[in-house]
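Chemist: Pasted the sequence and its predicted model underneath.
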Amino acid sequence: MKIIKDKVAKLSFVALLITMTAAMFYAPTASAHGEKSQAAFMRMRTIHWFDLNWSKEEVAINDTMTISGKFLVFAGWPETVDKPEVSFLNVGIPGPVFIRAGSWIGGQLVPRSVSLELGEVYEFKVLLKARRPGDWHVHSMMNVKGGGPIIGPGKWVTITGSMSDFVNPVTTLTGQTINLENYSLDNVYFWHALWYAIGLAWMVYWVRKPLFVPRHIAVSSGKGETLITPTDKKAGLIVGVGTLVLVAASMASTNEKYPVTTPLQAGLLRGMKTYQMPEATVAVKVDDATYRVPGRAMQMTLTITNNGDSPVRLGEFNTAGVRFLDPAVHVDETGYPDDLLAEEGLSVSDNSPLAPGESRTVEVTASDAAWEVYRLADLIYDPDSRFAGLLFFWDANGNRQLVTVDAPLIPTFI
Amino acid sequence: MSASQSAVRSRAEAVQVSRTFDWMILFTLFCAVLGGYHIHYMLTGGDWDFWTDWKDRRLWVTVAPIVSITFPAAVQACLWWRYKLPLGATLSVLALMLGEWINRYMNFWGWTYFPVNICFPSNLIPGALVLDVVLLLGNSMTLTAVVGGMAYGLLFYPGNWPIIAPLHVPVEYNGMMMTLADLQGYHYVRTGTPEYIRMVEKGTLRTFGKDVAPVSAFFSAFVSIIIYFLWHFFGRWFSKTDFISDDAT
């Protein structure tokens, strides 16, 4: 019996080792950023990204591309998320595969945090310089203090070339042009190696003598003082004084070598320039909204009133970066990511032009697998089951109006 | 061989076994301190030690010595109290810095490709050496706490200045002035570390103007003294041998 047990134990151990070894051969690249895991209400009711454009889908090392567009800071910002009073325009990429060569909101460079106003639209642009080859999912992103990262739509971009060719030249105010990619690296290694060597020398001085057992016996028997010799004290004095001299001398020589240095820069940028959208003349009232779980479709009953002077039609519903279009009204030609674009995902019970002064109640259905794929359907499990989004109306001349909607959502399971 | 007989048969063999024992304990101690101290320092010092655009004149200078004098104090207490070995601080800091360098090179650069010149660790060795030397020469834990702890806090900034000064050279970038360290933080994208998380250049030391680093260092040094005392007692407590019966010692 014991032999069988031993054999089972041995075979189990071998099987475990084989499994662990095999697992090492399967290590897929982690490409995304958990954007689908972010609570649906966060993506639907905080920052609405629209008019996004990724300037390139393939870019060589050292070349640049931009992500540009607009974002609406939603007026119905959820109570459970801190207001965007301290925010930072970021990009969602897997580490520094690009460097952020520049980022602007309303034309102003924003290397620092900014304060955003609820209900306002801002125009932004991020300039990226390719650094590491591969296929990367590149997102727009807004970090909000107390709210966390609010990730926008992402698109796959391919970087070609070799990372060893990457350079990041910068000219300082002292007139020196450096490559920030490896600037001062030798200096870092030198000082760390020097001090580590001095520390090791101090260790070696002591560990070359008998250490634990004899010393413990001596200390326990009251002879601990005999363990420290005058030579030890001289060595300690040399190391102590040497350390102070080296610190002082290296600091002095550094100040001489770099006479112009400044403190780190930090601060909050306020009063960011907003983008003025054309005044909306269409009013929308949400009578009710339901999400049909089996059909992956959201249905809204909307009462739309046209207070303008030209007929309009509903062409797009945009929520959490997913765009549902009525192709009879609007066709996307910007190269928007396929997985976020439901080109025929919007149907309206009566989408004939709504005449000036006319009011009409319509059934609007936004249906696409994206509800499930992007886990927006999980909204029904959120503590505040409200949905929100942008409705875009067009007139015959191609003029566009933006109207926001924000209402409770009732799930139906049959 | 009965339990009362010695495991060694000669003095030479006893010395050899004792030496082997030395290396085993030293190696184990080094690795244990490396792991524990590293976790502690990353949790308490964290981003201040990770990134050059966090290494400022106020909070980095204040926080780093206070949270890093802990293990040196504890290990010193153990090694001095039990063995009269004045190398606890240096051993701790060398272990920490080896762990940090492995982490920064293998993880920060090797996995996520942050250049090493943005994520190198702070230099803690000068302060550790002085702590050990004060203990050796003074033979007093109190003196080591007061003089050594003070020196540990005061030496931190000048001990790091030769490494970080080149990154504090100013640059004009798209109409704004920033340091090269700021520019590193801006260029090399950290999706989970937005700019507002940085705790730099905050505080109420504005009246000291550009000479704020020495003031921060003195404050850090005073608190380091207190933390030294506290962790010294942790070290003494952990190096007790109460679990061994008296007749076995």
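Modeler: Cool, got the structure.

Chemist: so which strand or helix has B:Arg236?
Modeler: helix B:212-238 (DSSP states H and E).

Chemist: so what does that helix touch, helix or strand wise?
Modeler: Using 3 or more CB pairs under 8 Å, 6 or more residues apart in numbering or on different chains; DSSP states H and E, the elements in contact with helix B:212-238 are helix B:59-68, helix B:70-83, helix B:149-164. C-betas here are computed from N, CA, C, even on glycine.

Chemist: Of the ones you listed, give the one that comes closest to A:Ser250.
Modeler: helix B:149-164 (4.5 Å; CB to CB).

Chemist: okay, stretch A:248-256 in CSV with CA atoms only?
Modeler: This file holds the C-alpha atoms of stretch A:248-256, laid out as CSV (Å, rounded to 0.1, in the frame of the first residue of the first chain):
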residue,chain,number,x,y,z
ALA,A,248,30.2,66.5,0.3
ALA,A,249,32.7,66.4,-2.6
SER,A,250,30.3,64.8,-5.0
MET,A,251,27.6,67.3,-4.2
ALA,A,252,30.0,70.2,-4.7
SER,A,253,31.2,68.8,-8.0
THR,A,254,27.7,68.2,-9.2
ASN,A,255,26.7,71.8,-8.4
GLU,A,256,29.6,72.9,-10.3
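
Chemist: ok now it, how far from the chain's centre?
Modeler: 40 Å (CA atoms, centre = their mean, to the nearest Å).

Chemist: Paired strands for the helix or strand where A:Gly389 lies, with orientation please.
Modeler: Following DSSP H and E, one finds A:Gly389 within strand A:386-395. Counting by DSSP bridges, the strands paired with strand A:386-395 are strand A:312-319 (antiparallel), strand A:400-408 (antiparallel).

Chemist: okay if I get these as JSON lines plus mean neighbour count and mean pLDDT?
Modeler: Shown next, in JSON lines, are the strands paired with strand A:386-395 (neighbours: other CB atoms under 10 Å in any protein chain shown; pLDDT from 0 to 100):
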{"stretch": "strand A:312-319", "mean neighbour count": "23", "mean pLDDT": "95"}
{"stretch": "strand A:400-408", "mean neighbour count": "17", "mean pLDDT": "93"}
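
Chemist: Would you reformat the ones you listed as a markdown table and include distance to B:Ile227?
Modeler: Shown next, in a markdown table, are the strands paired with strand A:386-395 (distance: least, CB to CB, whole Å):
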| stretch | distance to B:Ile227 |
| --- | --- |
| strand A:312-319 | 51 |
| strand A:400-408 | 51 |
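
Chemist: isn't B:Met141 right up against B:Ala77?
Modeler: Yes. Counting by CB atoms under 8 Å, B:Met141 does reach B:Ala77; the two are 6.9 Å apart.

Chemist: Looking at those two now, which is surrounded by more residues?
Modeler: More crowded of B:Met141 and B:Ala77, by other CB atoms under 10 Å in any protein chain shown: B:Ala77, with 24 against 21.

Chemist: if I pick the more buried one, what's in contact with it?
Modeler: Residues counted as contacts of B:Ala77 (CB atoms under 8 Å, 6 or more residues apart in numbering or on different chains) are B:88, B:141, B:231-236, B:239.

Chemist: Can you tell me how far it is from B:Trp231?
Modeler: Separation of B:Ala77 from B:Trp231 (CB to CB, to the nearest Å): 8 Å.

Chemist: which residue sits closest to residue 86, ignoring its sequence neighbours?
Modeler: Unless you meant another one, I'm taking chain A. A:Lys145 (3.9 Å; CB to CB, 6 or more residues apart in numbering or on different chains).

Chemist: Let me rephrase: I mean chain B.
Modeler: B:Leu136 (3.8 Å).

Chemist: quick one: low-confidence parts of chain B?
Modeler: For chain B, the stretches flagged by pLDDT under 70 are B:1-4, B:205-209, B:245-249.

Chemist: Apply 50 and report the result again.
Modeler: Along chain B, the parts satisfying pLDDT under 50 run over B:248-249.

Chemist: the strands in it, which residues?
Modeler: For chain B, applying DSSP state E gives strands covering B:170-173, B:176-179.

Chemist: Adding distance to A:Val239, write the ones you listed out as a markdown table.
Modeler: Listed next are these as a markdown table, based on distance: least, CB to CB, whole Å:
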| stretch | distance to A:Val239 |
| --- | --- |
| strand B:170-173 | 37 |
| strand B:176-179 | 34 |
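
Chemist: For A:Thr301, which of these is the nearest?
Modeler: For A:Thr301, the closest of these is strand B:176-179, at 50.0 Å, according to CB to CB.

Chemist: And chain A, is that closest one touching that?
Modeler: Yes. With CB under 8 Å from any CB of the partner chain as the criterion, chain A is reached by strand B:176-179 at B:176-179.
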